[in-house]
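Q: give me a 3D structure for the following:
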Amino acid sequence: MCGIAGTYRWPDGKAVTDRLTDTLAHRGPDGAGRYGHPAGDGEVQLGHRRLAIIDLSETGAQPMVSDGLALTYNGELYNAPELRAELAASGVRFRGTSDTEVLLEAWRRWGTDCLPRLRGMFAFGIFDERTGELVLVRDQLGIKPLFLLRRGEGLVFASELKALAAATSLKADPAALVASLLYYWVPDSRCAFREAEKLPPGSWMRFRPDGRVERGRYWNLKDVAAEGQERARSGELPDLAAIVEESTRQHLLSDVPVATFLSGGLDSSYLTALAARDRPGISAYTIGFRAEDAKFEAMPDDLRYARQVAERFGVDLHEIEIAPNVLDLLPQMTYHLDEPIGDPAAINTYLICEAAREAGVKVMLSGMGADELFAGYRKHLANLLALRYQRVPRPLRRGLSAAVDRLPVATSRRGYRSVRFAKRFLSFADLPEETAFRRSYTMYDQAELLALVNPDLAGTVDDVLTEHADIYQDNDLDDFVNRMCLGDARMFLPGLNLAYTDRSSMAASTEVRVPYVDVEVVKAAFAVPGDRKIVGRQGKAVLKEAASSILPKEIVYRPKGLFSAPLRAWMSRDLAPLVREVVNDGVLVSSGILRRDALARMVAEDAAGQRDFSKHLWHVLTLEYWYRDATSGSGQSTRLTA
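A: Predicted coordinates for the structure are as follows:
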């Protein structure tokens, strides 16, 4: 796991690549390297920062150059041993034991045809000295990031957006900011800065010395889901327990210590139990909150479940109480996250990884992805329940909605989760499928978003909503649950969860691996019909069935926990003065992007306990800090330019 950067036919490419690489130092504190070579009428420059995980010797150093190929690579190939054996049998001689060398030799033999064969997480750039061509590649599911920017015939690329911003002047994209308000993150199809873009998952780009650019896709989640539906129709379920166990075992491949996240929930407990089979005494990290914060948030006690799993499987559990100075952490996390991401779970990830790194752990396993692929979120069940709710006579629905609307979500001493969930459910339960699904996990409906942003951005709001509809409806699945899972795997997973996991963990110089977001697990997930994912009111039913072979039932079937933070407590106490400052004197308001009156109404309703706007206001704070940095760093005007 590393940081990669480079330029291709870019003015002053060597100096720019040095700045890019230096900005990524936290991603790879174990080593640095650079490579340069002529490319047409210009040159290519590749940079690398190394976090040494496999083959800790200099034979694993990068950029790796061999017989006319130069590679800068970020990631891990979990099937590298199998590929190495196949290549060695054909006569390839390896100098070391790194997966980097396996990837380079696989490219030499098969070119882009090697990409569907790779099982892992990766982003890389590979240059051919003979043809002068540079190819950029990103993994199948978007686990690893790759940002790029093209001007004329020149290219600059890096693992993080902040590196591009440090190397060249960039301006914030108002359309991406509107999208971030809707979702509380910037979708993978957009980028927070104009001109910059993200290489899509499962794709590659080839840059030629004559200026031509070619794009290709080697893996398409939509096709995988369609193939899975055909398998599901045969009535034969995949052996999910065996597939998850194999994926977990492969994700333990490392020459340095590996630990796990352990929240006490199903996903992390299952992985931890499987990992403990292969690595007895493996370490795990869990979090807790100040008692008064947890009570105010009405949060479940996850620690006791984590302790139970650790004791049962002989895991060395490290408990971290999160009582952070959020006034300091907010700008720090905004910087590390690159784009405005309003999920406080990023703080949890960062603090856990920081603690693990201080203990000498470089690699962590996370349960990320299971909820998206196996319908484990409340929104999945809620959208199914909404279909039944729509059969209730309309007068009864109106009466219920009016009654729930009058209930408070919190008092001065505690919050009421059930009321929050009920209000959330009724905000989308009457809507058509795609609109309801969007509304079940995004921040605002169309009218609320239009009321919040500058009127000049109304067309952008329409574009963002249309894009969601286009992506969600771009499939031929006849299974409602799997349509939701596909939408999550294409939008929610790469845009939010994988993005903050990568950026917050790498800020602590730690690699996080996600065994559920593995190509074989994903194929199996879409071969499971929706009525086996949600059974009755149980989400992830098929995964729970698989996990029951190793985990006790009280862990498998416990109420779903939250990998989140006590936002209401933070917003009403620690951050209340900052919220007032942003509403009255913030850059977003003074620049004309957000309307002061709409923000003030949210603050007032939240303070009165009538509605829960804590997540909305937290994201406004992250957006404010990001926009301050973006406008001051680039020298651009803080006035809105749509």
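Q: switch to C-alpha atoms for all contacts and neighbour counts from now on
A: OK.
Q: secondary structure element holding Ala436?
A: Assigning secondary structure by DSSP states H and E places Ala436 in helix 433-441.
Q: touching that helix from outside, list them.
A: Applying Cα atoms under 8 Å, 6 or more residues apart in numbering, the external contacts of helix 433-441 come out as 183, 379, 383, 424-425, 427-430, 445, 468-469, 472-473, 484.
Q: redo that, cut-off 7 Å
A: By Cα atoms under 7 Å, 6 or more residues apart in numbering, the surrounding residues in contact with helix 433-441 are 379, 383, 428-429, 445, 469, 472.
Q: out of the residues you listed, which sit inside helices?
A: The helices, defined by DSSP state H, take in 379, 383, 469, 472 from the contacts of helix 433-441.
Q: neighbours around the second one, how many?
A: Per other Cα atoms under 10 Å, the neighbour tally for Asn383 reads 22.
Q: Leu450 should be in a helix, yeah?
A: Yes: counting by DSSP: H, G, I helix; E, B strand; the rest coil, Leu450 is part of a helix.
Q: most distant residue from the middle of this protein?
A: Pro395 (41.4 Å; Cα atoms, centre = their mean).
Q: could you report the distance from that one to Ala429?
A: Distance, Pro395 to Ala429, by Cα to Cα, to the nearest Å: 14 Å.
Q: likewise for Tyr78?
A: From Tyr78 to Ala429 the distance is 42 Å (Cα to Cα).
Q: so between those two, which is more surrounded?
A: Ala429 (24 against 21).
Q: what about the nearest residue to the more buried one once chain neighbours are set aside, how many residues nearby?
A: Counting by Cα to Cα, 6 or more residues apart in numbering, Ala429 lies nearest to Ala386, which is 4.7 Å off, once chain neighbours are set aside. Neighbourhood size, Ala386 [other Cα under 10 Å]: 20.
Q: and Pro209, by the same measure?
A: 20.
Q: identify the residues contacting it.
A: Neighbouring residues of Pro209 by Cα under 7 Å, 6+ apart: 39-40, 132-133.
Q: redo that, cut-off 8 Å
A: Pro209 neighbours (Cα under 8 Å, 6+ apart): 39-41, 132-133.
Q: now intersect these with the strands, please.
A: 39, 133 (DSSP state E).
Q: among the contacts of Pro209, name the buried ones.
A: Buried members of the contacts of Pro209, counted by 16 or more other Cα atoms under 10 Å: 39-40, 132-133.
Q: tell me the pLDDT at Ala290?
A: Heads up, residue 290 is Arg, not Ala. Arg290 carries a pLDDT value of 63.
Q: quick check: the residue nearest to Ala429 vs Leu396, distance?
A: Ala386 is 14 Å from Leu396, by Cα to Cα.
Q: okay, strands next: where are they in the stretch 451-600 of the chain?
A: Secondary structure of the stretch 451-600 of the chain (DSSP state E, counting those that start in this stretch): strands at 511-513.
Q: quick one: low-confidence parts of it?
A: The stretch 451-600 of the chain contains residues with pLDDT under 70 at 561-564.
Q: now do the helices in it.
A: 458-473, 480-487, 498-507, 519-525, 530-533, 541-547, 553-556, 567-572, 576-585, 587-590, 596-607 (DSSP state H, counting those that start in this stretch).
Q: let's check: the centremost residue of this structure is which one?
A: Note: the chain centre (Cα atoms, centre = their mean) maps to Leu498, 1.9 Å.
Q: so who does the nearest residue to that residue once chain neighbours are set aside touch?
A: Excluding its sequence neighbours, the residue lying closest to Leu498 (Cα to Cα, 6+ apart) is Ile143, at 5.6 Å. With contact taken as Cα under 8 Å, 6+ apart, Ile143 is in contact with 121-122, 494, 498-499, 502, 517.
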